[in-house]
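S.K.: Just the structure for this:
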Amino acid sequence: MKIFFYAIGSWLTFLSVDLLFFLFSSWKDAKTLHLKFIPDAFSVIFIVLCYAGIGLFVGACVKGFKVFGKKKLLINQTQWLYLPITLSFALNCLINSVLFYKQHIWAIPFASGIYFKGFILFAIVILGVSLAVKFSQLIQKSPLITLTSICISGELFWSIMREALFPGGFLKDSFAGYHSIIVILSASVVSGLAFASIYFFVSRLFSKTRVCGLNIFLCFLMALLLHTATADTSCAGQSSATPRRPNVVLIILDTLRADHLSSYGYQKKTTPNIDAFAAQAVQYKHACSTASYTLPSVASILTGLYPCGHSANRVIEAEKNNTLVQGLSEQSLYDNYTTLAEFLKKAGYATAGIISNIYLSRSYGFQQGFDYFDDDLPSVVSAMPMCAALSFLNIFLPIDDFLTSTGRNGHRIASQINASAISWLNRHDGTNPFFLMLHYFDVHHPYFPERLGMQSVPDSIIKRYGRLGNYIDIENLIINSVTNGQKKLLPDERDFLINNYDRELLFLDKKVGELFSYLQEKNLYDESLIIIVADHGESFGEHNLMLHGMCLYEDNLRVPLIIKYPLSDEKKGTVDYPVSLAGLVPTVLSYLSIHTPDFIQGASFVDPQKQVLFAMNIINPALPWPLPEVFKTTTFSLFRNGYKLLKFDKGKDQLYYLNNDPEETINLIAQERSIGAGISKDLDNYIERYTDHSILKNTPQDIDKATLDNLRNLGYIK
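M.R.: Predicted structure coming up:
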């Protein structure tokens, strides 16, 4: 019976201290009170006093002795008092293994299959229990020395494990390239040597401790240290002495022109929620993309490299079995380029990416650095050609419109992106900061009107093109009539398309506002770094071009860029000097006090003198859109001192003075020869400096059938 009371008393004390710690942490603010490898002094003192006080109290109650009496407080069955605590060491082994599994870096990666992994975990528990029994026997002989040895060696073991296996750990580089089992063996050997050294060396210097209160105090001090070994392991690389870095939310709005946001001066109230966001943020009035289509632009946003400096581009020639592969002449983002997600993951961030376009999927290498990457792109329409009845009905009914507008045609809509984001945020445990990248596709072509089918199409356009089953077909006919060179975009057609584009933007703004409301509800908004940016703009007949990806005019390159810093920083206002989106990575890393490597080509937005507004566009001859000859080539652009030069591999260069000619209608290349020549020389230097020559001879990778179907549904390939 006495043994039973010893065990129950030990467990109750252990659980009471843990509960007290939890309650105090919640009251003090769990965000700032994290007992890690180097706990803050206040927390340590508080918990040690709690452990000591409760340990002395329970020890006295169990034996019935006075705490400060003359009698010696001697516990004869010491092992039964300490056995439950040493058993917790085995439990901590199990918890840490589960944590490793949760982070996709399980401590036993050599085990394949759920049953084998379960067996390995069971073996770990059995081993832990065996160690616990052995430790309890040692404790009976020398409690103080044994507990000290266990505390130090146990803490050392898990410290080596997390610092060597988790991103951001200071031993991560030392064990780079080694299998995880090597880390486990190394940690075991080091901690075993530490235990043996302390136990056998110190035991010769000190005698056995027989004071009950001190024994119990040391017991719960061990529990404290074991608790710190497993607390907040997902924040490896950060100590509580370092302020917690803010969460980072990157929102990429596909195909959004800056001049269609009301916060940028647009006459329509298209973005009330983004406007309210901009009022708390820094808004860049002249932000330029590095490319005019998604693949290279987003790659530049995420790597800090200009398009010729990374692999995610169209290539001029793509041959497969000696045949030009139409639409497939594009390369993915290779693994050797480091993304923002990888930088932040290494710094201890949990990372999640949720995308809505095939060009940002894992097929093109954009999953790099993300713990969670959602690129599930439904493609119901790809099955339509195999269903004769559905294809036939689609001629008369807006089936294609319905499937595409509801996110079932190769891309997803904002409500689907929000649902996935909220689901991930609800699962995120909050123990470490997160980086969340969201990509919205809603304002991309097709620009759906309020009512699907032909109900919203003006009569003048119906008379011109005929009555069809789907709105998408009418929009494609309008666009093709311009890109084929048949005519210019007519005023009623331009108004119709722009009104639909603005309506889509208003819908997208509503969904972005709903995301912000959720973040505010969860107290994740105020102190997060939130960035809104677009990958490129859109043409509505300017220079007789439609859509994007054709050339490097301002309607394709000028994009919104709004950064809300944690509100405690009180950074807000507008920035008028031009910036390049290649500077987003160094801007974020600099703000978070993370080292920016020298290979980053973009410059932080806070440095106006280092901004290089350089862009590149490679035309793939397999694109389905016919183009004027001048655009069927690789194009470069450079903005300097108000002038913008367009340099064509095949064709005459163009020079515009944007301060007086923002729509780029007056070519000054003949009048301003010296200015044009100077910018051209600088442009050649930048091309040489930024180009990664190792990618020039590469050809595009094979793409799976599902990706091909999605590309065809989106109109990117024939």
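S.K.: isn't residue 246 right up against residue 530?
M.R.: No. If you go by Cβ atoms under 8 Å, residue 246 and residue 530 don't touch, sitting 9.3 Å apart. To be clear about C-beta, it is placed using only N, CA and C from the backbone, and glycine gets the same treatment.
S.K.: Those two: who's more crowded?
M.R.: residue 530 (24 against 20; other Cβ atoms under 10 Å).
S.K.: Would it be right to say that the more buried one lies in a helix?
M.R.: No. Applying DSSP: H, G, I helix; E, B strand; the rest coil, one finds residue 530 to be strand, outside a helix.
S.K.: Could you pull up the contacting residues of it?
M.R.: 248, 249, 251, 277, 281, 519, 563, 564 (Cβ atoms under 8 Å, 6 or more residues apart in numbering).
S.K.: which one of these sits closest to residue 536?
M.R.: Nearest to residue 536 among the contacts of residue 530 is residue 251, at 15.2 Å by Cβ to Cβ.
S.K.: Go ahead and confirm the closest one touches residue 440.
M.R.: Yes. Between residue 251 and residue 440 there is a contact under Cβ under 8 Å: 7.1 Å.
S.K.: Need the residues touching each of the two.
M.R.: residue 512.
S.K.: Of the two, give the one with the bigger neighbour count.
M.R.: Shown here are residue 251 and residue 440; by other Cβ under 10 Å, residue 440 has more neighbours (29 against 22).
S.K.: For the more buried one, grab phi and psi.
M.R.: phi -110, psi 140 (degrees, to the nearest 10).
S.K.: May I have the predicted confidence score for it?
M.R.: Looking at residue 440, its pLDDT reads 97.
S.K.: Show me the beta-bridge partners of it.
M.R.: In this entry, residue 440 is beta-bridged to residue 253, by DSSP bridges.
S.K.: show me the contacts for it.
M.R.: Taking Cβ under 8 Å, 6+ apart, one finds 251, 252, 253, 254, 356, 414, 417, 508, 511, 512 in contact with residue 440.
S.K.: three-state assignment of the first one?
M.R.: In terms of secondary structure, residue 251 is strand; the call rests on three-state DSSP.
S.K.: Next one: it from residue 302, what distance?
M.R.: According to Cβ to Cβ, to the nearest Å, residue 251 stands 13 Å off from residue 302.
S.K.: Could you confirm residue 373 falls within a helix?
M.R.: No. Counting by three-state DSSP, residue 373 is located in no helix; its state is strand.
S.K.: Spatially, what comes nearest to it if we skip its sequence neighbours?
M.R.: Nearest non-adjacent residue to residue 373, counting by Cβ to Cβ, 6 or more residues apart in numbering: residue 367, 4.3 Å away.
S.K.: Just the buried positions in the lengthiest helix in the chain, please.
M.R.: The longest helix of the chain (DSSP state H) is helix 491-521. Judged by neighbour count (16 or more other Cβ atoms under 10 Å), helix 491-521 contains these buried residues: 493-494, 496-498, 500-509, 511-513, 515-516, 518-519.
S.K.: Counting neighbours, what do you get for the residue nearest to residue 373?
M.R.: There are 19 residues near residue 367, going by other Cβ under 10 Å.
S.K.: same deal with residue 568?
M.R.: The local packing of residue 568 (other Cβ under 10 Å) involves 9 other residues.
S.K.: Just to check, it is in contact with residue 528?
M.R.: No. Counting by Cβ under 8 Å, residue 568 does not reach residue 528; the two are 11.1 Å apart.
S.K.: any idea how far residue 542 is from residue 676?
M.R.: Distance from residue 676 to residue 542, counting by Cβ to Cβ: 22 Å.
S.K.: And for residue 502?
M.R.: 17 Å.
S.K.: could the contacts of residue 440 go into TSV alongside distance to residue 667 and pLDDT?
M.R.: Shown next, in TSV, are the contacts of residue 440 (distance: Cβ to Cβ, whole Å; pLDDT from 0 to 100):
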residue	distance to residue 667	pLDDT
251	36	98
252	32	98
253	31	98
254	30	97
356	37	93
414	39	94
417	41	95
508	35	96
511	40	96
512	38	97
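S.K.: ok, so of the residues you listed, who is nearest residue 534?
M.R.: Top of the list for closeness to residue 534, among these and by Cβ to Cβ, is residue 253 at 4.8 Å.
S.K.: Show me the domain layout of the chain.
M.R.: Using automatic domain parsing, the domain parsing of the chain gives 2-235, 248-449+502-713.
S.K.: mean pLDDT for those: which is lowest?
M.R.: For the domains of the chain, where the average pLDDT is lowest is domain 2-235, sitting at a mean of 49.
S.K.: Next SSE downstream of whatever helix or strand residue 561 lives in?
M.R.: Using DSSP states H and E, residue 561 maps to strand 558-564. Toward the C-terminus, strand 558-564 is succeeded by strand 573-575 as the next helix or strand (DSSP H and E).
S.K.: Please enumerate residues in contact with that following strand?
M.R.: For strand 573-575, the surrounding residues in contact (Cβ under 8 Å, 6+ apart) are 282, 283, 284, 285, 605.
S.K.: I'd like those residues as a markdown table, with secondary structure appended.
M.R.: Listed next are these as a markdown table, based on three-state DSSP:
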| residue | secondary structure |
| --- | --- |
| 282 | strand |
| 283 | strand |
| 284 | strand |
| 285 | strand |
| 605 | coil |
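S.K.: From residue 667, how far out is residue 654?
M.R.: 5 Å.
S.K.: more crowded one of the two?
M.R.: Legend: neighbour count by other Cβ under 10 Å for residue 654 and residue 667, higher for residue 654 (23 against 16).
S.K.: Show the contacting residues for that one.
M.R.: 645, 646, 648, 664, 667, 669.
S.K.: Buried by neighbour count, from those residues: which ones?
M.R.: With burial judged by 16+ other Cβ under 10 Å, the buried subset of the contacts of residue 654 is 645, 646, 648, 664, 667, 669.
S.K.: so which of the residues you listed comes closest to residue 628?
M.R.: The closest of the buried ones among the contacts of residue 654, once distances to residue 628 are taken by Cβ to Cβ, is residue 648, at 11.2 Å.
S.K.: Residue 655 and residue 669 touch, don't they?
M.R.: Yes. If you go by Cβ under 8 Å, residue 655 and residue 669 touch, sitting 4.3 Å apart.
S.K.: Can you pull the residues that touch both of the two?
M.R.: residue 676.
S.K.: how far away is residue 262 from residue 272?
M.R.: Residue 262 is 7 Å from residue 272, by Cβ to Cβ.
S.K.: Ok, residue 561 next?
M.R.: 19 Å.
S.K.: So between these two, which is more surrounded?
M.R.: residue 561 (27 against 14).
S.K.: measure the nearest residue to residue 259 once chain neighbours are set aside to residue 575 for me?
M.R.: Distances taken as Cβ to Cβ, 6+ apart place residue 266 nearest to residue 259, at 6.1 Å, with adjacent residues excluded. From residue 266 across to residue 575, the span is 19 Å (Cβ to Cβ).
S.K.: any idea which of the contacts of residue 530 is closest to residue 471?
M.R.: Of all the contacts of residue 530, residue 471 sits closest to residue 251, with 27.3 Å by Cβ to Cβ.
S.K.: which ones are touching that closest one?
M.R.: Taking Cβ under 8 Å, 6+ apart as the test, what residue 251 contacts is 438, 440, 512, 515, 530, 531, 532, 533.
S.K.: from these, which two are the most distant?
M.R.: For the contacts of residue 251, the farthest-apart pair by Cβ to Cβ is 515 and 533; their separation is 15.1 Å.
S.K.: Which stretches in the stretch 401-550 of the chain count as strands?
M.R.: For the stretch 401-550 of the chain, the strands defined by DSSP state E, counting those that start in this stretch occupy 434-440, 529-534, 539-540, 546-547.
S.K.: so which of those is the most packed in?
M.R.: Each of these was scored by mean neighbour count; the highest is strand 434-440, a mean of 25, by mean count of other Cβ atoms under 10 Å.
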